[in-house]
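Based on what follows, work out the 3D shape:
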Amino acid sequence: MFHSPVRLMVFLLLSLLPTRAGAPKRSEHSPAVRSRANRAPRQPQDISPTSVPVFVSDFELFAVGGAARPRRSGSPAPTKKPAATSNDAPPPVLEETEAPAEQARQLVDLFSDTLLESLQKAGYRAVRRAASGGTSGAGKGVALRGVFAEPDDLNRIRRAILGSRSPGAKFLLYVGSFNLSRPDQPLYLLAPVQSADSRYGPVITPNAYVPMVKYEVPKNPTEEDVRKVCDDMVRNLTALLSANPAAFAQ
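Numbers count the residues shown, from 1 in each chain. Okay, the predicted model is just below:
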């Protein structure tokens, strides 16, 4: 029995308060919980490699009489030779009667056009750049740049000269992937010690700080040879971007 109205009121108030152990939990749908969830840091979404813009620069190929001349803007792509029959080997892309500078231009154009086609077929947004350098401060994306080279008698890597009658049957094609959000870097460096040889260009050292792949290419390849090399370039680029696509998308 409670002998005082005041004590009775205090008891009733205390009985209405929840104990600490039995306090009801807040629903995850309550405004307070939703507010905390909205303030929580969001995890970055996965970035697809094909979402990274790709810029294809003409590969460097020098020839007797000078470097390959870039194709004029708006000029048509080189006319493809008729496909070989089942009994014939695929025809090479270069005509022996053409001047070396013209052959070099055709080969450079074929690689640029085929690589663009392979990239776009794989889902990339790819465009061509006629120039082979100048990637510094260009924004986001990746630039593909390459140089044709070949080893000399001492196995030093030299810039190739088409039509120079060097003994090798194949070029070495070095292709680098350049991050456009980073400062510009050279594709290769000229060796400090050079030795003159009319069959070759200067001795070069490919840049070891740039992701780079080396290919062997016949000096007069077929379209299928070029296609295989370009398809492999796309596979290597996809592997590179898959490892860290955000670095190239910044």
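
Please, where are all the helices along the protein?
5-16, 31-39, 100-121, 223-243, 245-249 (DSSP state H).

Verify the stated contact: residue 128 with residue 114.
No: look at residue 128 against residue 114 with Cβ atoms under 8 Å: they stay out of range, at 11.2 Å. Placement of C-beta: from N, CA and C, glycine included.

Just want to know which of those two has more residues nearby.
Ranked by neighbour count (other Cβ atoms under 10 Å), residue 128 and residue 114 place residue 114 first, with 19 against 15.

returning to what we had before: out of the helices of the chain, which gets the lowest mean score?
Note on these: lowest mean pLDDT is at helix 31-39, with a mean of 53.

okay, and for the protein, where does confidence drop off?
1-46, 66-87, 130-138, 249-250 (pLDDT under 70).

what are the ranges of the strands in it?
54-57, 62-63, 66-67, 126-129, 142-151, 157-159, 161-162, 170-179, 188-190, 204-206, 212-218 (DSSP state E).

and those as TSV, adding distance to residue 197?
Below are the strands of the chain laid out as TSV (distance: least, Cβ to Cβ, whole Å):
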stretch	distance to residue 197
strand 54-57	27
strand 62-63	14
strand 66-67	18
strand 126-129	31
strand 142-151	11
strand 157-159	8
strand 161-162	10
strand 170-179	16
strand 188-190	14
strand 204-206	13
strand 212-218	21
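
how about these, which one is nearest residue 47?
strand 142-151 (12.9 Å; Cβ to Cβ).

the inter-axis angle of that closest one versus helix 223-243?
Computed with axes from the mean of the first three to the mean of the last three Cα atoms, to 10 degrees, the direction of strand 142-151 lies at 130 degrees from that of helix 223-243.
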